[in-house]
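Trainee: need a structure here:
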Amino acid sequence: MEFSKEIKELFKEAGWQSGRNVRNAYVLPYKDYPPFVIDFLNEYANLRVKGLPHESLSVVPEVIIDSDAGAGNLEEDKVYPYYSGLIKRKLFPLGYILPDGYHICCDADGRVYQISEYCFYVGKGIKEGITNILVMNTLQSLQLDEDTGNWWNIQGVYVPLP
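Mentor: Numbers count the residues shown, from 1 in each chain. Presented below is the predicted three-dimensional model:
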């Protein structure tokens, strides 16, 4: 999936340009980041992207692409190990969302999550997940039931993780 023209414009406003490469200008907190995640970070790291205005929100979300932003939450019993243990998938930090303070991360299969006091699945690939966050598309997101390890949709029905 590619970013839509509308989302590319948001990235351009944040300083992105086609062919951008900031390799070595960001920190990877783990040595085993999947190659597709490194490719994404090489092009988009260190950007601060404002989302689209939404009529039901007084504050526009802002995505900060920074793989090292959650470094303090990578140790034992913190957000990343906690949710990695629950979903049985290693989570790779991508950045965070303001003003909510959610961390954005993905697993080795490319699924994107936003985690903090709750864990939400927000997209089957990095660009889809980031897009859903920027446009506040929560209709397709799933929330983790921490007691059962299952995922439920907006209607409260348990569904399999895509």
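Trainee: State the distance from the residue nearest to the spatial centre of the chain to Thr148.
Mentor: By Cα atoms, centre = their mean, the chain has its centre lying nearest to Ile104, at 2.9 Å. According to Cβ to Cβ, to the nearest Å, Ile104 stands 24 Å off from Thr148. (Glycine included, C-beta is placed from N, CA and C.)
Trainee: so Asn42 sits right up against Asn24, yeah?
Mentor: No: using Cβ atoms under 8 Å as the test, Asn42 is too far from Asn24 to be in contact (9.1 Å).
Trainee: Name the SS class of the closest residue to Leu28 other than its chain neighbours, please.
Mentor: Excluding the flanking residues, the one nearest Leu28 by Cβ to Cβ, 6 or more residues apart in numbering is Ser67, at 5.7 Å. Three-state call for Ser67 (DSSP: H, G, I helix; E, B strand; the rest coil): coil.
Trainee: what number of residues lie near Ser67?
Mentor: 24 (other Cβ atoms under 10 Å).
Trainee: Could you do Gln114 as well?
Mentor: Gln114: 23 surrounding residues under other Cβ under 10 Å.
Trainee: so what's it bridging to?
Mentor: As for beta bridges, Gln114 partners with Ile104, Phe120 under DSSP bridges.
Trainee: residues in contact with it?
Mentor: With contact set as Cβ atoms under 8 Å, 6 or more residues apart in numbering, Gln114 has these partners: 97, 102-105, 120, 122, 133.
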